[in-house]
Each structure stands twice: as C-alpha cells, then as structure tokens.
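Engineer: What follows is a predicted protein model with its sequence.
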Amino acid sequence: MTDGREAEQIAAERLLADPGIVRDQLAADLAEIAAMGRTGVTVAPGADAVGVLRTQADRLAFRSPVEAATLSLRRLRELPVAERGSGSPIGPYHAAASATVAHGEALTPSAGRLVFRRVAAEVARTTVLLEAVVEIDADGQAWLESFGWPGEITDRPVWVFGGSADEYLAQAESDAASGMPFDRVMAMILGATVADFDPATTEDQRLRIAEVVAARSGELSAYVGNALSYALAVRAYGLWPACLYRSALESLFEGFLGSTAFALVDMDEVEEIDEELRDALNDVDPVAAAALPAGIPSHHWWWRPPAA
C-alpha cells in the first residue's frame with residue numbers, strides 16, 4: 001500500500017504517461033457537477049438577498065464547473081471529517097457550502113457580496129468555523145465565490161479546542177490507528193497540546209501515538225508538503241492556515257516524536273516553511289490575537305509579529 005508523496009508521485013507519472021487520464025477525470029467531474037442539478041439562484045431587485053439565498057442554497061453553484069471540481073478537492077480537508085463523505089469530494093463539499101449559506105450567520109453584506117459563517121462540530125468537543133462567500137452580479141445572478149476556512153479572520157478562532165487533554169490523546173490514538181484522515185490526527189495532537197497534556201503521565205499513550213504516526217510516514221510527509229504550500233501562499237491567502245499546520249507539526253515533534261522526527265520528515269522542508277513565515281511576518285498582517293486558538297504555546301512564534 002502506498003500513500004502520501006509516494007502516491008502523488010505515482011499519480012503524476014501516470015498522468016505523464018497517459019494525458020488522457022486528465023481528460024477522462026475532468027469529464028467525470030463535470031458530469032458529476034451537472035448531475036447535482038445546481039441551476040443557480042437569481043435575486044430580484046429589492047428582494048431580501050439573504051432570505052433568497054437561504055431558501056435556495058441547494059441551487060447555488062460556482063461560476064465555473066472546473067473551478068467547482070478543483071475547490072472541492074483542494075479544500076475538502078478544511079471541513080470536519082463527518083461532512084467530507086466518502087468517494088468523490090464534489091457532492092459533500094457543495095452540500096456543506098449550501099448548509100453554511102442556509103444556516104450560518106450572515107455578516108453585514110456589501111454591495112454584491114455576502115458572507116455566511118457556520119460553526120461546524122468536529123470530534124472531542126472541537127469546532128471549526130466555515131465561511132461561504134456569495135457574489136451577486138448586476139443582473140441578480142448569485143454565485144459561490146469561495147467556501148472553507150474564512151479568508152479574513154479578525155474576531156474569533158477558526159478552530160476551537162474545547163476538549164480535555166485526555167479526550168484529544170484518546171482521539172488522536174484512535175484516529176491514527178483506524179486510518180482516519182491524517183489532518184484530523186494532527187488536529188487532535190494540536191488539541192492535546194493546547195489542552196496542556198502532562199507528558200510524564202501519558203508516556204505509554206504518547207509512544208503508541210508516535211508508533212502509529214510513524215507507520216503513516218507517507219501521509220506525514222504529505223502533511224509537511226501541505227504546510228509548505230500554505231506557507232508559500234501566505235501573501236495571497238493569509239497566515240492562518242500555514243500557522244495552524246506549523247503548530248500541529250511542532251506539537252507532534254515536541255510531544256510525540258522527538259528525535260525520531262528527523263528520520264520521518266525532511267527537515268529542510270520544515271526550515272523552508274519557517275523561512276517563509278519569518279519573511280511573511282514582515283510583509284503581511286499578523287493573525288489577530290482573537291483568532292489564535294486558545295492555549296497555543298508562546299514559543300510558536302509564527303502566530304505573532306516580530307518584536308519591535
């Protein structure tokens with residue numbers, strides 16, 4: 001069985017050997033999007049735009065079917081695992097976006113642009129803030145512009161870790177051993193860190209978690225790669241996603257893997273992540289204090305601007 005970067009490399013080699021795979025996959029994606037029957041929403045002049053969008057949320061679509069397929073794949077991991085479904089990501093991603101418009105908080109709209117935010121439940125008393133942005137053209141046609149973690153965070157954390165250290169350690173061990181998505185394993189490890197677990201009293205459990213994480217080393221390498229991608233995109237999308245991934249990695253290294261991390265992870269990539277974040281802290285707005293997950297260790301410097 002292969003996973004992580006090894007699987008990505010195999011997929012890339014298959015595409016190079018047979019470009020028709022791309023055409024066939026795109027055709028399948030477009031057919032799936034068409035089959036959803038999302039015919040679009042029109043907001044009449046003078047109508048309550050929020051009300052119209054809420055009642056017709058299951059008809060909302062992205063402007064481009066290709067964009068819809070791409071975002072479904074790229075941003076699905078921002079959703080709680082229970083909302084990701086199984087198989088193709090296209091249906092679950094759009095369903096979660098519609099739920100956010102239908103039931104989420106509508107922020108103060110600007111002309112032609114409405115923002116909806118919904119708090120979605122993850123395991124171990126953890127929640128994730130999701131945001132759907134809808135654009136309304138001059139002719140009243142409404143389109144999904146984006147969906148996933150909020151693009152501009154100023155007033156609250158995206159992830160709220162409300163569980164206990166014991167809950168997070170148990171969930172991390174269970175998730176890692178049962179093959180749950182690796183990003184949730186890392187979220188639970190970060191949850192245990194912000195809940196301030198006691199290393200002295202959890203040694204056996206920490207060793208078990210380290211062992212099952214090591215057994216999924218390909219997925220760990222892929223997680224590092226995703227963290228680097230977020231770090232490289234900071235100037236376009238903000239610091240928050242890169243900081244979250246970097247803190248989860250630091251929690252894993254310090255609390256679970258120790259020196260074993262050097263055998264499992266390309267530390268040059270981790271250093272590249274840090275270099276990108278150091279540079280970004282001088283160029284972009286820092287993550288607002290209210291947006292930091294409560295309990296983030298003070299030495300996780302990437303969340304904070306450099307001292308003057």
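Structural biologist: Cool, the structure landed.

Engineer: For the residue nearest to F256 when sequence neighbours are not counted, grab the count of nearby residues.
Structural biologist: With sequence-adjacent residues excluded and distances taken as CB to CB, 6 or more residues apart in numbering, F256 is closest to A210, at 4.6 Å. Quick note: C-beta positions are derived from backbone N, CA and C, even for glycine. Residues within reach of A210, counting by other CB atoms under 10 Å, total 19.

Engineer: Can you classify L144 by secondary structure?
Structural biologist: Following DSSP: H, G, I helix; E, B strand; the rest coil, we place L144 in the strand state.

Engineer: Can you get me a residue count around it?
Structural biologist: Residues near L144, counting by other CB under 10 Å: 24.

Engineer: Settle this for me: it is touching A61, isn't it.
Structural biologist: Yes. With contact defined as CB atoms under 8 Å, L144 reaches A61; the gap is 6.4 Å.

Engineer: Common neighbours of these two, please.
Structural biologist: Common neighbours of L144 and A61 (criterion: CB atoms under 8 Å, 6 or more residues apart in numbering): A68.

Engineer: packing partners for the helix or strand harbouring C243?
Structural biologist: Assigned by DSSP states H and E, C243 belongs to helix 240-252. Under the contact criterion of 3 or more CB pairs under 8 Å, 6 or more residues apart in numbering; DSSP states H and E, helix 240-252 touches helix 182-194, helix 217-232, helix 267-281.

Engineer: same thing but 6 Å
Structural biologist: Under the contact criterion of 3 or more CB pairs under 6 Å, 6 or more residues apart in numbering; DSSP states H and E, helix 240-252 touches helix 182-194, helix 217-232.

Engineer: Which element is encountered next along the chain beyond it?
Structural biologist: Following helix 240-252 toward the C-terminus (DSSP H and E): helix 261-264.

Engineer: Mind listing what's buried along that next one?
Structural biologist: By neighbour count on 16 or more other CB atoms under 10 Å, the buried set for helix 261-264 is A261, L264.

Engineer: Output the helices and strands packed on helix 240-252 in TSV; the columns should cover distance to P92 and mean pLDDT.
Structural biologist: Formatted as TSV, the helices and strands packed on helix 240-252 follow (distance: least, CB to CB, whole Å; pLDDT from 0 to 100):
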stretch	distance to P92	mean pLDDT
helix 182-194	15	98
helix 217-232	19	96
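
Engineer: among those helices, which is the most enclosed?
Structural biologist: helix 182-194 (a mean of 26; mean count of other CB atoms under 10 Å).

Engineer: now that helix and helix 217-232, what's the angle there?
Structural biologist: Put simply, helix 182-194 runs at 80 degrees to helix 217-232, going by axes from the mean of the first three to the mean of the last three CA atoms, to 10 degrees.

Engineer: And the contacts of helix 182-194?
Structural biologist: The contact list for helix 182-194 (CB atoms under 6 Å, 6 or more residues apart in numbering) reads 77, 81, 161, 165, 168-169, 171-172, 175-176, 219, 223, 247-248, 251-252, 293, 295.

Engineer: Now the residue positioned nearest the centre of the chain. Nearest residue, chain neighbours left out?
Structural biologist: What sits nearest the mean C-alpha location of the chain, by CA atoms, centre = their mean, is E78, with 2.7 Å. In space, and not counting its chain neighbours, E78 is closest to G148: 4.1 Å by CB to CB, 6+ apart.

Engineer: what's the one you found sitting at in phi/psi?
Structural biologist: In terms of degrees, to the nearest 10, the main-chain angles of G148 are phi 150, psi -150.

Engineer: quick one: buried residues of whichever strand or helix holds G51?
Structural biologist: Element membership for G51 (DSSP H and E) is helix 49-55. Neighbour counts over helix 49-55 (16+ other CB under 10 Å) mark A49, V50, V52, L53, R54 as buried.

Engineer: per-residue confidence for the first one?
Structural biologist: As predicted, A49 sits at a pLDDT of 94.

Engineer: who touches it in this structure?
Structural biologist: Neighbours of A49 in contact, by CB under 6 Å, 6+ apart: V43.

Engineer: Let me know whether the residue nearest to E78 touches R74 as I believe.
Structural biologist: No. Applying CB atoms under 6 Å as the test, G148 and R74 come out as separate, 8.7 Å apart.
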